[in-house]
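K.L.:
With the sequence up front, the predicted model follows.
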Amino acid sequence: MKRSTFRSGCVIAGATAVSAALSGCLGGPTYGTGTSQNVQLLQDITSIASIGTPGKNQKTEYNPRPEIVEPPEGATLPQPQQSLASKDNPAWLESPEETRTRLRETASVNRDKKPYTSPLASPDDNVTSEQWQQFREAKANSKGAYSDRRTLSDPPMAYREPADTAPVGELGETEYDKEKRREAEAKEKKSFKLWPF
């Protein structure tokens, strides 16, 4: 038997096996759609090429738009509210340039007056002792020095008092001392001893 004959026989046998395998795919079940797999495949491929599906828009019903509702004749609309963000508002913020020109004008007008104090003077000069006391109380309250429970997240007063056995006022060992002590202990462990005891 020649090689070419053997080769052609193998090619024919392979082609027959492949065609038999592919023919099994063609006659497959319809999976309840009523069309075979190859027909469904061709429909899917052709539907990709087409834009939209035929007859889809035929089912849509369009209703005409209603007429525009206009106000009755002679009726006037209410005036819009005046915006609060205007220069007429006393709470309107000044620009830095406006503040600078206002302070310069005030200083030039009051240049010759002796008891005049500039608004740019340090704030400590204009603060009374009552205001200082209020400031200190507010600062202490912000750090939790108040005696009542202001929010739900604040613990009750009984929980804020330390236990009788708790060390109060003792700061303990500093982090620097702890680090030095640990380094010294580590050096002792690394040192080599000839005798284990």
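P.N.:
Structure's in. What do you need? Numbering: from 1, shown residues only.
K.L.:
Now do Asp164 against Tyr62, distance only.
P.N.:
For Asp164, the distance to Tyr62 equals 85 Å [C-beta to C-beta, to the nearest Å]. Placement of C-beta: from N, CA and C, glycine included.
K.L.:
Same check on Gly169?
P.N.:
85 Å.
K.L.:
Leu103 too?
P.N.:
For Leu103 relative to Tyr62 (C-beta to C-beta), the value is 68 Å.
K.L.:
neighbour-wise, which of the two wins?
P.N.:
Leu103 (13 against 6; other C-beta atoms under 10 Å).
K.L.:
hang on, that one packs against Glu97?
P.N.:
No - in this structure Leu103 lies outside contact range of Glu97 using C-beta atoms under 8 Å: 11.1 Å.
K.L.:
quick one: contacts of stretch 166-178?
P.N.:
Contacts to stretch 166-178, defined as C-beta atoms under 8 Å, 6 or more residues apart in numbering, come from residues 162, 181.
K.L.:
at 7 Å what do you get?
P.N.:
Pro162 (C-beta atoms under 7 Å, 6 or more residues apart in numbering).
K.L.:
Ends of it, what's the gap?
P.N.:
22 Å (C-alpha to C-alpha, to the nearest Å).
K.L.:
For it, which residues meet the burial criterion?
P.N.:
Buried residues in stretch 166-178, counting neighbours by 16 or more other C-beta atoms under 10 Å, are absent.
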